[in-house]
Each structure stands twice: as structure tokens, then as C-alpha cells.
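*Asks:* Fold the following and give me the result.
(one chain, ligands or ions: 1)
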Amino acid sequence: MSYRIKRCLPEHLRTDAARLYWSAFGAKLGRVLAPEDQALHFIARAIDPSHVYCAISSDGELLGVAGFRTPHGTFVGCEQAHLRASYGRLGGMWRMACLAVLGGDHEHRAMIVDGISVRPDMRGSGIGAALIEALCHTARRRGYGQLRLDVVAENTRARALYERIGFVVTHRRSRRLTAMLFRFRTVLIMRRDLGDLG
Ligand SMILES: CC(C)(COP(=O)(O)OP(=O)(O)OC[C@H]1O[C@@H](n2cnc3c(N)ncnc32)[C@H](O)[C@@H]1OP(=O)(O)O)[C@@H](O)C(=O)NCCC(=O)NCCS
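*Replies:* This is a model prediction of the structure:
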């Protein structure tokens, strides 16, 4: 299937992007963001369309998304107002506290990948690599020297892809709290130097 990589999410694909994000990260986020219908409602509202690259088929279907985070915004943020609108006041408050555990840090030198997901039936056909390449170029244009992504240690296939396209593990972070709340303990921080992009 042919596709193109596009900067920014078209407004009519917001719900599809939320579904794609949930299909990739629902297993991790489920304890905190379930039930699914409320999670999808929240994610769709929280998406910042200007902080994502999309893969779109020639029929206009959304095949993949790759979000990014800078000091100016992030693909799926966790603002109290969005959480309250989806879960109510109390439900929003405790979820906000849990999501704060995930951080959402910024770096001076590196642009940070905030979630990459390809439609399950389209995986393995180069879309993920093309999306990351687009992120590398936008990071470079914005003056960053590196692109950083955080990958759960058990996600060995994703890690193999990242290593193949030039990322190296620079450190690892292990936390009991994320194991309790999000079902993963160890995250590998991977970086790609962007100097070769000119
Ligand atoms: C990781 C992911 C974005 C890669 O996208 P993709 O379009 O399949 O990637 P490409 O086609 O460019 O590269 C294929 C490589 O991706 C990796 N990969 C990871 N998970 C994969 C999957 N479920 N199916 C196919 N390839 C996968 C493999 O290294 C594969 O190479 P291989 O065929 O030699 O094993 C995609 O598999 C995905 O959405 N996974 C679920 C969400 C996820 O894990 N996100 C990453 C969080 S850091």
C-alpha cells in the first residue's frame, strides 16, 4: 500500500490517531486510563496535532503516527482540564498524579519521541522507520543535536529497529512505581546523533 508522511495530524483523523495510540500503549496505560471509551475520549482531546508526523495511505487512511515533545508542546499531554472532561473531577485528579510518574521531561540537546505506533496490519513495511526519519529531520531543523526515544526493555523488536537506524542505548532507568502503575519497570533511553544530517 502506498503512503505519504505528513507533518501535523489532520483534524478529521484525531479519533483514529487516539485509537492507534491506544492500540500500542493501552496495555501499559490501561490500569490508569481504563475504561477504554473514556481513555479514547481523553486521548483524542489531549492530542496536539502540531506535534506529530503521520503516515497516510493514498485512500486517506491513517497508518501510523510518531509524536514528539519539545518545550512548546507534546503529542499526548496530560492536562488536568482534559482529564477532568473525560473522568470527572476526582477521577481526573488521581489519574493526573499517576501520569506524573511518567515524567514528560525536556532536554536542551535532544528532541524526544512521544509515542510511535503503526497500524498492526501494516507493521514491518518500513512505515516506522520512515516516521522516525521524519522526526530526525524536524529535530535537526529545530536545532537539536539528537533525537531521543525511551523504549521498554522487553520491547526487543522495536529496539532492534531503533538500533538498525542509528540509535544507541545511553542509559537505563528502572522504577518499581512504573511496574505497579504501568506494568513496566525498565526503560532504555536511546539516542541518535543528528550530525550526519548536515
Ligand atoms: C515499533 C513499530 C512502531 C515499528 O513500526 P514498523 O512500521 O513495523 O517498522 P518498520 O517496518 O520500519 O521496521 C520493521 C521492524 O520493526 C520492528 N518491529 C517491532 N515490532 C514489530 C511488529 N509488531 N511487527 C513488525 N515489526 C516490528 C522489527 O525490528 C522489524 O524488523 P524485523 O522485521 O527485521 O523484525 C511498530 O511495530 C509498532 O507500532 N509497534 C507497537 C507499538 C510500539 O511498540 N511502539 C514503540 C514504543 S517505543
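*Asks:* ok and the residue in this structure nearest the ligand?
*Replies:* G128 (2.2 Å; Cβ to the nearest ligand atom). Backbone N, C-alpha and C define where each C-beta goes, glycine included.
*Asks:* got the buried residues for the helix or strand L131 falls within?
*Replies:* In the assignment (DSSP states H and E), L131 maps to helix 127-141. The neighbour-count criterion (16 or more other Cβ atoms under 10 Å) identifies 127-128, 130-140 as the buried residues of helix 127-141.
*Asks:* Buried residues of the very next helix or strand once past it, list them for me.
*Replies:* Tracing the chain past helix 127-141, the next element assigned as helix or strand by DSSP H and E is strand 146-152. Neighbour-count burial for strand 146-152 flags 146-149, 151-152 (criterion: 16+ other Cβ under 10 Å).
*Asks:* hmm, back to that, which residues are in contact with the helix holding L131?
*Replies:* Helix 127-141 is contacted from outside by 3, 5, 7, 53, 55, 63-66, 68, 110-111, 113, 116, 118, 146-147, 158, 161-162, 164-165, 192, 194, 197-198, using Cβ atoms under 8 Å, 6 or more residues apart in numbering.
*Asks:* what's the spacing between that helix and its chain's center?
*Replies:* Using Cα atoms, centre = their mean, to the nearest Å, we find the averaged C-alpha position of helix 127-141 to lie 13 Å away from the chain's own average C-alpha position.
*Asks:* The ligand contacts on this structure?
*Replies:* With the criterion set to Cβ under 6 Å from any ligand atom, the chain comes near the ligand through 24, 116-118, 123-129, 149, 151, 155, 157-158, 160-161.
*Asks:* quick one: contacts for S2?
*Replies:* S2 sits in contact with 57-58, where contact means Cβ under 8 Å, 6+ apart.
*Asks:* mind listing the helices for the protein?
*Replies:* With DSSP state H as the criterion, the chain has helices at 14-33, 36-46, 80-100, 127-141, 156-164, 176-182.
*Asks:* tell me the mean pLDDT over the first one?
*Replies:* On average, the pLDDT along helix 14-33 is 96.
*Asks:* next one: stretch 136-143
*Replies:* Computed over stretch 136-143, the mean pLDDT rounds to 96.
*Asks:* Not counting its neighbours along the chain, what's nearest the most centrally placed residue in the chain?
*Replies:* A centroid search over the chain (Cα atoms, centre = their mean) returns G115, at 1.1 Å, as the residue closest to the centre. For G115, the nearest residue in space outside its immediate sequence neighbours is G67; the separation is 4.5 Å by Cβ to Cβ, 6 or more residues apart in numbering.
*Asks:* Test my guess that the one you found contacts S50.
*Replies:* No. Checked against Cβ atoms under 8 Å, the pair G67 and S50 is beyond contact range at 10.4 Å.
*Asks:* So for these two, which residue has more residues nearby?
*Replies:* The residue with more neighbours, out of G67 and S50, is G67; 26 against 12, by other Cβ atoms under 10 Å.
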